[in-house]
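S.K.: Mind folding the following:
(chains A and B)
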Amino acid sequence: MARKILLEKTGIEGIRSYEVYRKNGGYASVEKALKMTPDEIVEEVKKSGMRGRGGAGFPMGMKWSFIDKKSGKPRHLVCNADESEPGTFKDRYLMEHIPHLLIEGMIASSYALEANLSYIYIRGEYMWVFKILEKAIKEAYAAGWLGKNIQGSGFDLDLYVHCGAGAYICGEETALIESLEGKRGNPRMKPPFPAVSGLWAEPTVVNNVESISNVPWIILNSGDEYAKIGIGRSTGTKLISASGHCKNPGVYEIELGLSVDEFMNSDEYLGGMMDSRPLKALIPGGSSVPILPEHLIFKTANGEDRLMTYESLSDGGFATGSMLGSGGFIVYNDTACIVRNTWNFSRFYHHESCGQCSPCREGTGWMEKVLHRIETGHGTEADIELLWSIQSKIEGNTICPLGDAAAWPVAAAIRHFREEFEYHIRFPEKIKNRDHFVNEPMSRVRHLIQGQMV
Amino acid sequence: MEISTIKQEINMSDELMARINELLSHYPADKKKSALLPVLHAVQDAHDHWLSVELMDKVAEILEIQPIEVYEVVTFYTMYAQKPRGKYPLEFCRTSCCMLRGAEDMMDYTCQKLGVKENEVTADGMFSVHGVECLGACGYAPMLQLGDFNHEHLTKEKIDQLIEDCRAGKINLV
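M.R.: Next up is the predicted model:
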């Protein structure tokens, strides 16, 4: 069995309650942290090499070191629990099963950042998890881990959980801050970065649930020990949310460096494909990252084994690689229609665009329309070029990364599955039923397209 | 903004006001507006799960902000309803991972069974069916959300049972 840091204790009965959590070593990292200086903790997190687990993969210790401690303004740590990236449900799992781990991490991390008022921003659709966290926070206050002069250390911290109300964009850190201020989730221009001017124009660090939940282990075992797990610049363990057509969907903790083949096919993890149908494609890091066709999943374009690391999954750039992203691992078998799936994603991004930047506001809707007409048999050959052109004009031209996130899946689908788009356009009578690939997968109709090539 | 002409009875009960005051205590005294999203959830839950203009105005008054500041938030976030929905709004996730596992079939089945189209309310006011975007239950697909809770690994039989349980008053929304 692989090493577990985050899910090690989730099997213990009653671990959701304070008493059981504490009896099993809970809050020990806070006791240790309060005897260290804040800068020593920042140093340990830097040494761990841990990269932000929300999707962007920015080194967490580095992010912490940017927080403005000189201005004397109040500082805040905000936990990003807005988990909304399609394919991702790991933070929910962690908060649902072991809520005190996140609270312990929030206390130790707030101390390191010298923040005295911190928040957990959770998406509104996780309302039952919101209530689990509210209860856990009350227990932590009652046990003296929150409030004034925590454990006699002189450190004060108030921690609250705040809920959103249904907006993917609030997972972007500046939109999240706007939302926490009671406004629409419109991302802010950067700079200034939140580390200088964040919540209420005060220095703020925003970190993902999984990132913060790793901090207790790092404090107890040291950053160097953490850095020994994993490979190269991909240190530690990672939670992977697996969904789609695999045999055993669910949340798994893996050591970074595991091969994609083992994760996909061993019984410890996904156990291969549902109903033993052939694998067609994979999205390894949530809906925003490029989709990989079957021949690029287990091997990189150079023929090396593809590993579950930041570097290996992005090997080959967007031409032949993808990204680890949030760890939303979506598996597609041969019954899945890539055009329909891409249309589905475009509808999602159109729905979730905040509307501030015109390339994203207009472009996402335009892509959705074009993809819908291709999927329903009304597309033309020129539509493929049109889609390519639209996505290329969104990418890089918006305030926040939602524009890129909407553009990449479309680009990757065309890059790797162009023949499916052509099939939809040239054989509209074949795709009338939305389950068109269930009885007649692409492998059986490919000759129709090939027969037409000049 | 959609304006509903249906009159909503406003009842800021002691229990609701106590909850609002508790939520307000989570933010600095001069940052009351920050409590807007959680307060709207509490107010909506206590008012048949929708927010009339009058109710939004009331929230603005409590938080000491302009009504427009409430309207712009209510219209931005999908979880606030501006007109009544079914007593039991069945919200199906239809994003990719759920779609791959048959979400569209489940939603079609439910619409047919209840005799409604998407976003319509049944004649008895009991149910409405909605298609929504990713709810973070991708590994447990297909799924629907009803009130605060998820119903996962859906099958037609599970939907039949759920609807029956709602009719029998056995399902709690919060």
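S.K.: Next, count neighbours for residue B:21.
M.R.: Residue B:21 has 12 neighbouring residues, counting by other CB atoms under 10 Å in any protein chain shown. Where C-beta positions appear, they are placed from N, C-alpha and C, glycine not excepted.
S.K.: Please disregard the earlier target; I meant residue A:16.
M.R.: Residues contacting residue A:16 under the criterion other CB under 10 Å number 19.
S.K.: That one and residue A:241: what is the separation?
M.R.: When CB to CB, to the nearest Å is the yardstick, residue A:16 and residue A:241 sit 20 Å from each other.
S.K.: how about the residues of the stretch 251-400 of chain A that lie near chain B?
M.R.: Applying the criterion CB under 8 Å from any CB of the partner chain, the portion of the stretch 251-400 of chain A that neighbours chain B consists of A:251, A:287, A:328, A:330, A:332, A:336, A:340-341, A:344-345, A:347-348, A:351-352, A:354.
S.K.: Just among those residues, which is most surrounded?
M.R.: residue A:328 (32 neighbours).
S.K.: ok, it to residue A:132 distance?
M.R.: In terms of CB to CB, residue A:328 sits 22 Å off from residue A:132.
S.K.: cool, residue B:71 as well?
M.R.: As it turns out, when the distance is counted by CB to CB, residue B:71 lies 32 Å from residue A:132.
S.K.: Now residue A:385: which helix or strand?
M.R.: Applying DSSP states H and E as the criterion places residue A:385 in helix A:381-394.
S.K.: Over to residue A:12?
M.R.: Secondary structure here is read from DSSP H and E; on that basis residue A:12 sits in neither a helix nor a strand.
S.K.: Contact partners for the residue nearest to it when sequence neighbours are not counted?
M.R.: The shortest distance from residue A:12 to any non-neighbouring residue, by CB to CB, 6 or more residues apart in numbering or on different chains, is to residue A:24 (5.8 Å). Contacts here follow CB atoms under 8 Å, 6 or more residues apart in numbering or on different chains; on that basis residue A:24 touches A:9, A:12, A:15.
S.K.: Which strand residues bridge residue A:299?
M.R.: Assessed by DSSP bridges, residue A:299 has beta-bridge partners residue A:305.
S.K.: Look up the closest residue to residue A:212, ignoring the ones flanking it.
M.R.: Once flanking residues are discounted, residue A:212 sits nearest to residue A:105: 4.0 Å by CB to CB, 6+ apart.
S.K.: so how far is residue A:383 from residue B:146?
M.R.: 39 Å.
S.K.: ignore the last one, residue B:94
M.R.: As defined by CB to CB, residue B:94 lies at a distance of 23 Å from residue A:383.
S.K.: Comparing those two, which shows the higher neighbour count?
M.R.: Taking neighbours as other CB under 10 Å, residue B:94 and residue A:383 compare with residue B:94 leading, 22 against 18.
S.K.: residue contacts, the more buried one?
M.R.: Contact partners of residue B:94, counting by CB under 8 Å, 6+ apart, are A:344, B:103, B:104, B:107, B:131, B:132, B:133.
S.K.: repeat for residue B:149
M.R.: If you count contacts by CB under 8 Å, 6+ apart, then residue B:149 has A:128, B:172, B:173 around it.
S.K.: Closest one of those residues to residue B:25?
M.R.: Distance from residue B:25 was checked for each of the contacts of residue B:149 by CB to CB. The minimum falls on residue A:128, at 22.5 Å.
S.K.: Now the helix or strand hosting that closest one: buried residues?
M.R.: If you go by DSSP H and E, residue A:128 is part of helix A:127-142. Residues A:127, A:129, A:130, A:132, A:133, A:134, A:136, A:137, A:139, A:140 are the ones in helix A:127-142 that count as buried (16 or more other CB atoms under 10 Å in any protein chain shown).
S.K.: before we move on, the earlier item: what separates the residue nearest to residue A:212 from residue A:36, distance-wise?
M.R.: For residue A:105, the distance to residue A:36 (CB to CB) stands at 15 Å.
S.K.: how about CSV for the buried residues of helix A:127-142, with pLDDT and distance to chain B added?
M.R.: Written out in CSV, the entries for these read as follows (pLDDT from 0 to 100; distance: CB to the nearest CB, whole Å):
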residue, pLDDT, distance to chain B
A:127, 96, 4
A:129, 97, 9
A:130, 97, 9
A:132, 97, 11
A:133, 98, 13
A:134, 97, 10
A:136, 98, 15
A:137, 98, 10
A:139, 98, 16
A:140, 98, 15
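S.K.: Could you report the neighbour count for the nearest residue to residue A:122 once chain neighbours are set aside?
M.R.: With CB to CB, 6+ apart as the measure, residue A:81 is the residue that lies nearest to residue A:122, at 4.1 Å, once sequence neighbours are left out. Residues contacting residue A:81 under the criterion other CB under 10 Å number 29.
S.K.: what does residue B:57 give?
M.R.: As a burial measure, the neighbour count of residue B:57 was computed by other CB under 10 Å and equals 15.
S.K.: Ok, residue A:59 next?
M.R.: The local packing count at residue A:59 equals 17, with neighbours defined by other CB under 10 Å.
S.K.: so what's it closest to, chain neighbours aside?
M.R.: Here the nearest residue to residue A:59 in space, its sequence neighbours aside, is residue A:51; by CB to CB, 6+ apart that works out to 5.4 Å.
S.K.: Distance of residue B:27 relative to residue A:245?
M.R.: Look at residue B:27 and residue A:245: by CB to CB, they are 45 Å apart.
S.K.: again with residue A:385
M.R.: In this structure, residue A:385 lies at 31 Å from residue A:245, with CB to CB as the measure.
S.K.: List only buried entries from the contacts of residue A:24.
M.R.: Burial of those was assessed by neighbour count (16+ other CB under 10 Å); the buried members are A:9, A:15.
S.K.: which regions of the chain sit below the pLDDT cut-off?
M.R.: Just so you know, I chose chain A. Within chain A, the ranges that satisfy pLDDT under 70 run A:1, A:452-454.
S.K.: that's the wrong chain, I wanted chain B
M.R.: The model of chain B has pLDDT under 70 over residues B:1-3.
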